[in-house]
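> can you look at this prediction? I've put the sequence above it.
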Amino acid sequence: MIKALDKKIIRRLQEDISITANPYKEIADEFNMNEEELIHKVKDYNKSGILKRIGAILYHRKAGFNANAMVVWKIDEEDLDRVGSYMASINEVSHCYERKPCGSWNYNLYTMIHEKDRESCNKIIDNIACTVGAKDYRILYSTKELKKTSMKYFG
């Protein structure tokens, strides 16, 4: 059972975390606990499955990545794990995941690729397609960012 303090800590971890040498110390201070206690709690949340991860949000356009493409691929089922592992290993690929095809939309592997411009992005996509032998794929360039927030729990 999650206690009131745990809810407060989880609520706080959903917010921005300072970019400092000791960000968890700052949060621990907010709860009148020491940094080690807070880190122990965070590790416990992770072990128990309450907390999956703590991650950074990169505002890729502000960072200079102006070509952001979702590429949808039709990959043979027997090659999916191998191809997916390869694509996920590429630095410019931030996301790589499987989806079940639906109706006439028969693409089953999705990647997000970020680059400075479309020409560079297209070169990466071409290299991936050539390396894995993919012939059936579509490139969907994003035109604007709509959301950069995560789900909030214990609102």
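Sure, I can see it. Keep in mind that what you see is a predicted model, and the values were worked out from it rather than measured.
> count of neighbours near Ile19?
Using other Cβ atoms under 10 Å, Ile19 is surrounded by 7 other residues. From N, CA and C alone the C-beta is placed, and that goes for glycine too.
> try the one 5 residues further on
Applying other Cβ under 10 Å, we find 19 other residues in the vicinity of Tyr24.
> again with the one 5 residues further on
Around Asp29 there are 13 other residues, counting by other Cβ under 10 Å.
> wait, a strand at it?
No. With DSSP: H, G, I helix; E, B strand; the rest coil as the criterion, Asp29 is assigned helix and is not in a strand.
> contact partners for the closest residue in space to Gly64 that isn't next to it in sequence?
Leaving out its chain neighbours, the residue that sits closest to Gly64 by Cβ to Cβ, 6 or more residues apart in numbering is Lys116, at 6.0 Å. Residues in contact with Lys116, defined by Cβ atoms under 8 Å, 6 or more residues apart in numbering, are Gly64, Phe65, Asn66, Ala67.
> which SS state does Ser94 fall under?
Going by three-state DSSP: Ser94 is strand.
> quick check: pLDDT value at the residue located most distally from the centre of the chain.
With Cα atoms, centre = their mean as the measure, the chain has its most outlying C-alpha, relative to the mean C-alpha position, at Asn32: 31.8 Å. With respect to pLDDT, Asn32 scores 96.
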